[in-house]
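Q: here is the input, now give the coordinates:
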Amino acid sequence: MKVLKGIQILEDKCVGCQACLGVCPYDAIYMQGKKAKIDYDKCTLCGACVLKCKFEAIEMEKKAGFKSVVSLEDAKGVWVLAEQKNNKVQSVSYELLNKGRELADELKVELTAVLLGSDVKEEAQCLIHRGADKVIIIEDTTLNHYQSGPYSAVITEIIKKYKPEIILAGATTIGRSLVPRLAIKLNTGLTADCTALEIDKKNKLLLQTRPAFGGNIMATIMCQNHRPQMATVRHKVFTEATEDQSRKGEIIEEKVSSELLNSDIVLKDIVEEIEETINISEADIIVAAGRGIGTKENLGLIEDLAKALNGAVGASRSIVDAGWVPYSHQVGQTGRTVCPKLYIACGISGQIQHLVGMQSSDVIIAINKDADAPIFKVANYGVVGDLFKIVPALTKQIQASGK
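A: Numbers count the residues shown, from 1 in each chain. Coordinates of the predicted model:
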């Protein structure tokens, strides 16, 4: 039987138990009679079915499926996939340029930013001012807003042409959609949600550190045999690169075929979420609520304090899961990473999953009635007491001071 895409179902071993159907996240396995079959147009070679089949009826050949498109010998240079919104570069890209510049200097290679959009030439110069040696821009009206099909197809072709050894992207909504697709197309690895990036001085490999096992340990991962080495990093993990108007660099305008710009999705409209308070990712001050606030109605206390401070409202996962606030307010491992100047945690116990998302804040104030709450271990200032008395009093004092 011919092996397609490096995976096959061995018909003589398949007993038709259908266990593989339930585990496949892409619905790429179906039943034909009493035997399982693979839809190779949907299969991404994730290997979940191989691990699930206790009869060893599914076989994956690594040599056939995982030979990198970019060879180890050809790969050179550090890339940052810059994000834009309404043709304006987003701040997460400047954070990545800061770290990218550090990595490129250590490897003694060039730092390149890649920017897609419809009118982004002026923004390309901003990327050079923030540390890029080169900026590759691809302009087309189709690329004005992110769409997974065209973006992944275009960037894949550019990667094949220039062959970078490291690619960094934001662990944003766009990055989390785009970069896994690139990894599959390029047959390489990806480490998501990194909190630290360094170069192994001996082997010149990218050391990619991220939380693992629910945030209880930090795992450092290397991609030794495949290129490019790819990592996504959360917003606010690194500081932004400083702007230097005197920096010079090269802007490369690439043209791509119209076929790469085709999409199965028609973008009708983009609706911005209406927020009464500041976006938590950009806020200098965040007042966050946890399960300790008791009920949804008590969120008003937190919102009043946030407004008095001209800050944003954050939340722990528990009250987001309860439906009290939208997901966009969630701080933590499964939410957003924030780094404000001031973080006030109200009724938050401080489980590790939450601490991962806010412990790099400049100043942390914790208000909790439990003196043994883990939040106090990372707090600069702790207030043990009733938040229903403390928060309103604090809000009143701030309002009275006019600050």
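
Q: contacts and neighbour counts: CA atoms only from here.
A: Will do.

Q: could you verify that Met31 is part of a helix?
A: No: under DSSP: H, G, I helix; E, B strand; the rest coil, Met31 sits outside any helix and is assigned strand.

Q: quick one: residues contacting Thr156.
A: Leu182, Lys185, Leu186 (CA atoms under 8 Å, 6 or more residues apart in numbering).

Q: and if we set it to 10 Å?
A: Val69, Pro150, Lys163, Arg181, Leu182, Ala183, Lys185, Leu186, Leu260 (CA atoms under 10 Å, 6 or more residues apart in numbering).

Q: which one of these has the most neighbours?
A: Each of these was scored by neighbours using other CA atoms under 10 Å; the highest score is Lys163's, at 23 neighbours.

Q: which SS class is the closest residue to that residue other than its chain neighbours?
A: Leaving aside its sequence neighbours, Lys163 sits nearest to Ala75 (CA to CA, 6 or more residues apart in numbering; 5.0 Å). Secondary structure for Ala75, judged by three-state DSSP, is coil.

Q: how much space separates Ala75 from Lys202?
A: 18 Å (CA to CA, to the nearest Å).

Q: same question, Leu186
A: For Leu186, the distance to Lys202 - CA to CA - is 26 Å.

Q: for Lys85, same thing?
A: 39 Å.

Q: again, but for Phe238
A: Using CA to CA, Phe238 is found at 24 Å from Lys202.

Q: those two: which has the busier surroundings?
A: Taking other CA under 10 Å, Phe238 and Lys202 do not tie; Phe238 has more neighbours (19 against 6).

Q: just list the residues touching the closest residue to that one other than its chain neighbours, thanks.
A: In space, and not counting its chain neighbours, Phe238 is closest to Glu95: 5.4 Å by CA to CA, 6+ apart. Contact analysis of Glu95 by CA under 10 Å, 6+ apart lists 80, 130, 170, 233-242.

Q: hmm, try it at 6 Å
A: By CA atoms under 6 Å, 6 or more residues apart in numbering, the contact set of Glu95 is Phe238, Thr239, Glu240, Ala241.

Q: turn those into TSV, including secondary structure, pLDDT and distance to Ala36.
A: TSV is the format used below for the contacts of Glu95 (DSSP: H, G, I helix; E, B strand; the rest coil; pLDDT from 0 to 100; distance: CA to CA, whole Å):
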residue	secondary structure	pLDDT	distance to Ala36
Phe238	coil	89	47
Thr239	coil	88	50
Glu240	coil	91	50
Ala241	coil	92	52
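
Q: what is the nearest of those to Gly332?
A: Using CA to CA, the shortest approach to Gly332 within the contacts of Glu95 belongs to Phe238, at 16.1 Å.

Q: what residue, apart from its backbone neighbours, is nearest Asp304 spatially?
A: Closest residue to Asp304 apart from its sequence neighbours, by CA to CA, 6+ apart: Thr395 at 6.9 Å.

Q: so how far is Asn262 from that neighbour?
A: Distance from Thr395 to Asn262, by CA to CA: 53 Å.

Q: for stretch 242-260, the distance to its chain's centre please.
A: 23 Å (CA atoms, centre = their mean, to the nearest Å).

Q: actually stretch 379-394, not the one I typed
A: 33 Å.

Q: what of stretch 236-247?
A: Put simply, stretch 236-247 sits 20 Å off its chain's centre (CA atoms, centre = their mean).

Q: confidence score at the residue nearest to Leu186 when sequence neighbours are not counted?
A: Nearest residue to Leu186, sequence neighbours excluded (CA to CA, 6+ apart): Val69, at 5.2 Å. Listed pLDDT for Val69 reads 88.

Q: mind listing the helices for the stretch 1-150 of the chain?
A: Using DSSP state H, counting those that start in this stretch, the helices found in the stretch 1-150 of the chain span residues 19-23, 48-52, 62-65, 91-107, 121-129, 148-162.

Q: cool, and the stretch 201-350 of the chain?
A: Taking DSSP H, counting those that start in this stretch as the criterion, the stretch 201-350 of the chain contains helices spanning 299-308, 317-321.

Q: how many other residues sit next to Tyr343?
A: Neighbours around Tyr343, by other CA under 10 Å: 28.

Q: mind listing what it touches?
A: Here Tyr343 is in contact with Ile285, Ile286, Ile364 (CA under 6 Å, 6+ apart).

Q: how about a cut-off of 7 Å?
A: Ile285, Ile286, Val287, Ser361, Val363, Ile364, Ile365 (CA atoms under 7 Å, 6 or more residues apart in numbering).

Q: repeat for Thr142
A: So Thr142 contacts Leu261 (CA under 7 Å, 6+ apart).

Q: please report how far it lies from Tyr151.
A: Taken as CA to CA, the span from Thr142 to Tyr151 is 9 Å.
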